[in-house]
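In: Fold the following for me, if possible:
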Amino acid sequence: MAMAMGRGTAQKPIPKFRTEFNVNSLAQFVDPLPIPEIAKSSGVRPSPVDASVKLPYFRIAMQQFETKIHRDLKATRVWGYGGASPGPTFETRSGQGMLVEWANELPAAHFLPIDHSIHGAEADKPDVRTVVHLHGGKTPSASDGYPDDWYAPGKSATCHYPNQQDAAMLWYHDHALGINRLNVFAGLLGAFIVRDDVEDALELPREKYEIPLVLYDRAFDLDGQLNYPVSGDPKKPWTPEVFCDGVLANGKLFPYLEVEPRKYRFRVLNGSNARFFHLTLTNNLAFQQIGTDQGLLPAPVPSRRVSLAPAERADVIVDFSGNRGEKVILKNDNLNVMQFRVAASGAGDSALLPKTLRPVPKILESAAVKTRALSLVEVDDLIQRPMTMLLNNAHWSMPVTESPLLDSTEIWELANTTDDAHPIHLHLVRFQILDRRTFDVSTYWATGQMKFFGPPIPPEPAEAGWKDTVRADPGMVTRIIARFEGFTGRYVWHCHILEHEDNEMMRPFEVVAK
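Out: Okay, here's the model as predicted:
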């Protein structure tokens, strides 16, 4: 059937609803879990800081290709890095810098629905634009993936990552203004692991016993193709959040992993556009969480459930030694994600999980030279449909209002006036969560005054480490404290629900020299 063509859109089909395939009708646990390859350098190049220092050089192409998401689905068109989605995992050490040339070799036309009414995604811009952000990286501003620094197919950008930070699981993903949500949904994401001597000395599970789990939800149509939801308005297809029933683990639906009866270390990333994960294990198994976004916790935190907002990471140990011959399922709420098949025999491992991991010195509130009160705002239409999300009631294109001094410490108070939890990410810095506290939103809007309902609530044990993304709950003020160190220049802070980020819930900040 012929489709109507919209004016001013280069004769592209109007986005429309497509019948969604029920992924739960698929046979489960028939595909092995893929393990992303390790990125390989193709030589060395001079450091942009000191030409006498040679750094490993990588060239990673962004490309379109087809991949089997599940044994019984047709091959799915995706975008990825280095011919894979998720892309190759970078492995590096603290203090070992690198250069990565990110080459845009994607098609000229996007296969997902662009909303040209969104700032930064106007119809006069190329359909396909990319720029890569190393999420959690302490990176010079020119290499941070500023949303306006996008480039079209046929172009590339080389980024310098000094990696002058503690061991942690970071990740990389697209960050192009106005279409970031589409590019990540298409598959542009991957893991990036920094290691150091402190972590090495703990004798945690390593090599084949340490596995990245890049988790994200997706929807598919009846042809097995990615099915990004739209609003129903052909001129404004943006929708406020995307939630899908199919949870992919390293790019597969319902995979399985054969494991030995011993401890494993899983580096878990929530790479979803909007879905929050609440992960549990069957067979009465528990997690021992040893790390969060920016590295190790002070001590392991036992838990039956690991909760992750979009962009958050959890470093967990799972001990299968008491489950010989069993099948253990990783679940998100009531949905199956993947299966672990525990071998009936095997030597196991004798190493004990350390009782202490890495000190996390508290940043004293008295060290802060400035406290910023910042609001999270939702603008609705006349029938209460979300139209725009804002930080501090400001749009992306307005002048910078947050300009911390280099090497200074600040407290940011995030007052969430909306009905949603928002994962707020600050580029460049790592921070600590101070507390959360409920407040009267109506009084705040009417008077500008903060009326609290109860005492401050300290961070959860699994949040008591270094973070780069924080869950700002509705009707609460979430306080974080950060030292703005490393580099001067312009960075951004934003909600990591990608649909919000793409529609104004992102603001620049600038670190300035003293």
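In: For the protein, which segments count as helices?
Out: Assigned by DSSP state H, the helices in the chain fall at 180-186, 197-200, 441-447, 498-501.
In: Just send these back as TSV, with distance to residue 53, mean pLDDT and mean neighbour count too.
Out: For the C-beta atoms, the positions are set from N, CA and C on the backbone; glycine is no exception. Formatted as TSV, the helices of the chain follow (distance: least, C-beta to C-beta, whole Å; pLDDT from 0 to 100; neighbours: other C-beta atoms under 10 Å):
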stretch	distance to residue 53	mean pLDDT	mean neighbour count
helix 180-186	33	98	26
helix 197-200	20	98	15
helix 441-447	51	95	12
helix 498-501	35	97	26
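In: Which of those sits closest to residue 424?
Out: helix 498-501 (10.2 Å; C-beta to C-beta).
In: In terms of secondary structure, what does that closest one contact?
Out: helix 180-186, strand 489-495 (3 or more C-beta pairs under 8 Å, 6 or more residues apart in numbering; DSSP states H and E).
In: so which of the helices of the chain comes closest to residue 251?
Out: helix 180-186 (12.4 Å).
In: helices or strands up against the closest one?
Out: Contacts defined by 3+ C-beta pairs under 8 Å, 6+ apart place helix 180-186 against strand 76-81, strand 168-174, helix 498-501.
In: Can you check which of these gets nearest to residue 348?
Out: Between the helices and strands packed on helix 180-186, strand 168-174 lies closest to residue 348; by C-beta to C-beta that is 25.5 Å.
In: Figure out how far that closest one is from the centre of its chain.
Out: Centroid separation for strand 168-174 versus its chain: 7 Å, with C-alpha atoms, centre = their mean, to the nearest Å.
In: Reformat the helices and strands packed on helix 180-186 as CSV; add distance to residue 120.
Out: Listed next are the helices and strands packed on helix 180-186 as CSV, based on distance: least, C-beta to C-beta, whole Å:
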stretch, distance to residue 120
strand 76-81, 19
strand 168-174, 13
helix 498-501, 11
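In: Residue 440 is nearest to which of those?
Out: Closest among those, using C-beta to C-beta: helix 498-501, at 23.7 Å.
In: residue ranges for the strands of the stretch 251-400 of the chain, please.
Out: Taking DSSP state E, counting those that start in this stretch as the test, the strands found in the stretch 251-400 of the chain are 252-253, 255-259, 263-270, 277-281, 287-292, 295-303, 306-308, 313-319, 327-332, 335-342, 370-380, 386-391.
In: any chance of those in JSON lines, with mean pLDDT too?
Out: Formatted as JSON lines, those follow (pLDDT from 0 to 100):
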{"stretch": "strand 252-253", "mean pLDDT": "98"}
{"stretch": "strand 255-259", "mean pLDDT": "98"}
{"stretch": "strand 263-270", "mean pLDDT": "98"}
{"stretch": "strand 277-281", "mean pLDDT": "98"}
{"stretch": "strand 287-292", "mean pLDDT": "98"}
{"stretch": "strand 295-303", "mean pLDDT": "98"}
{"stretch": "strand 306-308", "mean pLDDT": "98"}
{"stretch": "strand 313-319", "mean pLDDT": "98"}
{"stretch": "strand 327-332", "mean pLDDT": "98"}
{"stretch": "strand 335-342", "mean pLDDT": "97"}
{"stretch": "strand 370-380", "mean pLDDT": "93"}
{"stretch": "strand 386-391", "mean pLDDT": "84"}
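In: would you turn the ones you listed into TSV with mean neighbour count and distance to residue 473?
Out: Below are the strands of the stretch 251-400 of the chain laid out as TSV (neighbours: other C-beta atoms under 10 Å; distance: least, C-beta to C-beta, whole Å):
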stretch	mean neighbour count	distance to residue 473
strand 252-253	22	31
strand 255-259	18	32
strand 263-270	22	16
strand 277-281	20	15
strand 287-292	23	17
strand 295-303	20	19
strand 306-308	21	12
strand 313-319	24	18
strand 327-332	18	20
strand 335-342	20	23
strand 370-380	16	10
strand 386-391	20	16
